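[1] have a look at this prediction, sequence included:
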Amino acid sequence: MFKAWKMVLLLFTFLLIRTSQAEKVQEGKLTLSGSIYSAACGISSESKDQTINFGRVSARREFNTRSSRIMDSNKNFTLKLENCDAELLKSRSVVAQLSGTPSQYDSRMLAVSGDAKGVAIEISDKDNRTISPGSSVNIDSLISSENKITLNTSLHIYSKWVGAGEFSSTAQLTLRYI
């Protein structure tokens, strides 16, 4: 038994010496956090990515005399919503925020890229209220019983600066509860 104690004491001494010779390790701190939220209605995959083609438009085309909008350039598009929380919609509102580059000709409209000059694109709701880049619009009243939102887009030409060529624009619409 004395021999066993000697072995334990020898092992313990070895460990103490070994530990004191080890390099000190830097300590660190790990903080984990997050949040749980109720997502607004999602946009269905069938209407998530859309392309609206204005076709060929004459620079001399007739436009509305009270605005720069080309008379027959209105194009409607529909966003189909899914996974809407009906209970949450009773107590909170849904807003849509438009992200995109504002036009140099009218900051309420989207800028275009390409060779065409003097062109901007307007996005508006069913009541013809313009949804400007960077702005949000309450869409509760726009959601139909089929959980669809219909929006409009139209082309505007500023004849003083118009130049022929191809054009395109990209925008993102984000839905969230407030």
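    Cool, got the structure.
[2] for the longest strand belonging to the chain, which residues meet the burial criterion?
    The longest strand of the chain (DSSP state E) is strand 148-157. Buried residues in strand 148-157, counted by 16 or more other Cβ atoms under 10 Å: 149, 151, 152, 153, 154, 155, 156, 157. Quick note: C-beta positions are derived from backbone N, CA and C, even for glycine.
[3] then stretch 93-101?
    Buried-residue list, stretch 93-101, by 16+ other Cβ under 10 Å: 94, 95, 96, 98, 100.
[4] in helices only, show me those residues.
    Within those, no residue falls in helices by DSSP state H.
[5] let me know the closest of those residues to residue 170.
    residue 100 (6.6 Å; Cβ to Cβ).
[6] which one is that closest one nearest to, not counting chain neighbours?
    Computed as Cβ to Cβ, 6 or more residues apart in numbering, the closest residue to residue 100 that is not its neighbour in sequence is residue 171, at 3.6 Å.
[7] so the one you found touches residue 102, yeah?
    No - the pair residue 171 / residue 102 is not scored as a contact, 10.6 Å apart, by Cβ atoms under 8 Å.
[8] which neighbours do those two share?
    Common contact partners of residue 171 and residue 102 (Cβ atoms under 8 Å, 6 or more residues apart in numbering): 110, 133.
[9] what is the helix or strand where residue 137 lies packed up against?
    Taking DSSP states H and E as the definition, one finds residue 137 inside strand 136-138. For strand 136-138, the packing partners by 3 or more Cβ pairs under 8 Å, 6 or more residues apart in numbering; DSSP states H and E come out as strand 94-99.
[10] chain center to whichever helix or strand comes after the strand it packs on, what's the gap?
    Toward the C-terminal end, the helix or strand that comes next after strand 94-99 (DSSP H and E) is strand 113-114. Relative to the chain's own centre, strand 113-114 is displaced by 21 Å; criterion: Cα atoms, centre = their mean, to the nearest Å.
[11] re the thing from before, out of the buried residues of stretch 93-101, which one has the weakest pLDDT?
    The member of these with the lowest pLDDT is residue 94, at 75.
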